[in-house]
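Novice: attaching a predicted model along with its sequence, questions to come.
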Amino acid sequence: MQRTFIMVKPDGVKRGLIGEIVKRFEQKGFVLLNAELMTIDQSKAEYHYEEHKAKPFFGELVDFITSSPVFAMVWEGENIIDVSRTMIGKTSPTEAQPGTIRGDFAFKKEENVIHGSDSLESAEREIANFFDPLQLRSSDQMFKNRKS
Ligand code: RTP
Ligand code: MG
């Protein structure tokens with residue numbers, strides 16, 4: 001079972017898309033392990049986007065992600081890293097297919113509503129940047145007392 005880090009970006013929160021995005025992941029059958037509405041500080045943002053440090057858009061990217069609250073989440077499910085990237089759609093909303101989150105809701109590359117980890121390594125690193133490992137139960141633990 002894989003875990004991934006999913007984040008509704010400031011534009012998605014402002015536009016009231018948290019519920020729609022959570023709904024899509026729940027409908028797919030993934031399990032929400034933790035979530036928090038939070039304002040990201042500069043150092044967490046720079047660490048999160050470290051791979052883009054040398055790119056010309058890095059400063060704007062960090063300014064944007066720290067500009068107002070994001071909705072950070074950890075989700076679990078089979079093959080969730082690849083599947084969630086497919087559900088999210090291409091980085092550029094003009095290329096993202098209808099039916100994907102970016103295809104349906106975004107129209108600007110710089111404001112593309114949602115982030116999802118792109119590999120096992122980045123998922124682990126991103127989850128640890130935003131959540132305390134002790135506050136992350138597995139879905140088995142969460143549902144062990146559930147009847148049915
Ligand atoms: P994300 O990390 O946010 O899930 O997006 P991604 O994997 O699809 O795209 P990535 O290449 O990791 O880029 C991170 C974010 O940087 C912004 N970006 N701006 N101005 C530009 O040319 C440019 N290129 C990328 C996007 O908002 C992208 O989501
Ligand atoms: Mg990325």
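Specialist: Perfect, thanks for sending it. Ligands and ions are numbered 1, 2, ... in the order given.

Novice: count of neighbours near the closest residue to Val31 other than its chain neighbours?
Specialist: Once flanking residues are discounted, Val31 sits nearest to Ser139: 4.0 Å by CB to CB, 6 or more residues apart in numbering. Quick note: C-beta positions are derived from backbone N, CA and C, even for glycine. The burial metric for Ser139, expressed as a neighbour count using other CB atoms under 10 Å, is 16.

Novice: now Ser139: how far from ligand 1?
Specialist: Per CB to the nearest ligand atom, to the nearest Å, Ser139 is found 23 Å from ligand 1.

Novice: ok, the closest residue in space to Val70 that isn't next to it in sequence - contacts?
Specialist: Residue nearest to Val70 in three dimensions, not counting chain neighbours: Met7, with 5.2 Å by CB to CB, 6+ apart. Residues in contact with Met7 (CB atoms under 8 Å, 6 or more residues apart in numbering) are Val70, Phe71, Ala72, Met73, Ile114, His115, Gly116, Phe130.

Novice: distance between the ends of stretch 112-122?
Specialist: Across its full length, stretch 112-122 reaches 19 Å between end residues, using CA to CA, to the nearest Å.

Novice: contacts for the worst-scoring helix or strand of the chain on mean pLDDT next, please.
Specialist: The helix or strand of the chain with the poorest confidence is helix 139-142; it has a mean of 70 (mean pLDDT, DSSP states H and E). Residues outside helix 139-142 that contact it (CB under 8 Å, 6+ apart): Met1, Val31, Leu33, Glu76.

Novice: show me where this structure has strands.
Specialist: Listed from the start of the chain, the chain has strands (DSSP state E) covering 2-8, 31-38, 70-77, 114-116.
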